[in-house]
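Student: The following comprises the amino acid sequence and a computationally predicted model.
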Amino acid sequence: MTQNNTGYGIGDSVSWSAGTDSNCGTVVGLTKRSVKVIEDHAELMNGPQSGAVDAMTFERGGYVGHTSGAQRYALTPGDGPVLRFSYRQKLDRYKLSGTSVNGSMRGWGLLRKGGPKFFDFNF
């Protein structure tokens with residue numbers, strides 16, 4: 001595993017959030033001040049109609065309905081575009097390039113090691 005001063009290494013599993021959702025990916029490149037990631041392909045294995053023993057449930061009502069239960073995903077390497085996370089001194093963290101470090105979007109796109117995929121079906 002190749003590593004530099006970012007604390008991340010090639011092949012590391014990482015995640016980042018966008019609001020209440022969390023995305024997963026794999027580190028594919030490093031520079032002195034950035035981490036390059038390809039988002040993993042995530043397949044929900046226990047959706048409400050999956051037939052899985054631990055299937056999530058969906059209840060009609062309200063605006064759309066309510067989904068509950070723990071999500072379980074099968075993750076495989078992605079083949080999409082490379083995402084760049086640049087070091088932001090103000091936050092002392094790596095953050096998705098093009099996202100602001102100020103205001104309501106401050107927490108969006110912060111990179112972290114590991115972490116599960118999560119999609120907020122109720123938002």
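Tutor: Received it, and whenever you're ready, just let me know what you need.

Student: residues touching the residue lying closest to Thr99 once chain neighbours are set aside, list them.
Tutor: Take Thr99 and drop its neighbours on the chain: the residue closest to it by C-beta to C-beta, 6 or more residues apart in numbering is Gly109, 4.3 Å away. Placement of C-beta: from N, CA and C, glycine included. Applying C-beta atoms under 8 Å, 6 or more residues apart in numbering, we find Gly109 in contact with 16-18, 85, 95-96, 99.

Student: Okay, Gly109 and Glu39: tell me how far apart.
Tutor: 12 Å (C-beta to C-beta, to the nearest Å).

Student: For Thr67, see how far away Tyr94 is.
Tutor: 31 Å.

Student: Could you check which of these two has the larger neighbour count?
Tutor: Tyr94 (24 against 16; other C-beta atoms under 10 Å).

Student: Report the beta-bridge partners for that one.
Tutor: Tyr87 (DSSP bridges).

Student: isn't it right next to Arg88, touching?
Tutor: Yes. Shown here, Tyr94 and Arg88 form a contact pair, counting by C-beta atoms under 8 Å, at 7.3 Å.

Student: and the residue nearest the centre of the chain, what element?
Tutor: When C-alpha atoms, centre = their mean is applied to the chain, the residue found nearest the centroid is Asn23 (1.7 Å). When elements are assigned from DSSP states H and E, Asn23 belongs to strand 21-30.
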